[in-house]
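*Asks:* Need coordinates for the following:
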Amino acid sequence: MENFKVVNKNTNATYLLNEKQYETFLLKNKIYENGVCQYDIYRLTEEKRKRRNKVLDIVAQLAIVGASVLATLIYIQNYC
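*Replies:* Okay, the predicted model is just below:
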């Protein structure tokens, strides 16, 4: 189930909606008025996925650096 954040540009009112509420919101409200978009719409599930992927990338990079340091220390201990 997707979650959405809808922000009214004129009043800065914020709405946190699920899929069903979002569909109802779109039916009741005009997104475009006089050719200008009245709302900023964000997909929170997509934002959450991007944030989680960034964290996983950082963890993977730290694991690689840690493994490199550990391998270097083992090499120094055994051969020096």
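
*Asks:* pLDDT score for Arg51?
*Replies:* At Arg51, the model reports a pLDDT of 91.

*Asks:* And Lys28, by the same measure?
*Replies:* 92.

*Asks:* For it, what are phi and psi?
*Replies:* phi -80, psi -30 (degrees, to the nearest 10).

*Asks:* count of residues packed around it?
*Replies:* When neighbours are defined as other CB atoms under 10 Å, Lys28 has 7 of them. All C-beta spots, glycine's among them, are computed from the backbone N, C-alpha and C.

*Asks:* For my notes, confirm Ile64 occurs in a strand.
*Replies:* No. The assignment for Ile64 (DSSP: H, G, I helix; E, B strand; the rest coil) gives helix, which keeps it out of a strand.

*Asks:* Let me know the helix or strand that Arg51 is in.
*Replies:* Using DSSP states H and E, Arg51 sits within helix 44-79.

*Asks:* From the contact counts, what lies against that helix?
*Replies:* Helix 44-79 makes packing contacts with strand 3-8 when contacts are defined by 3 or more CB pairs under 8 Å, 6 or more residues apart in numbering; DSSP states H and E.
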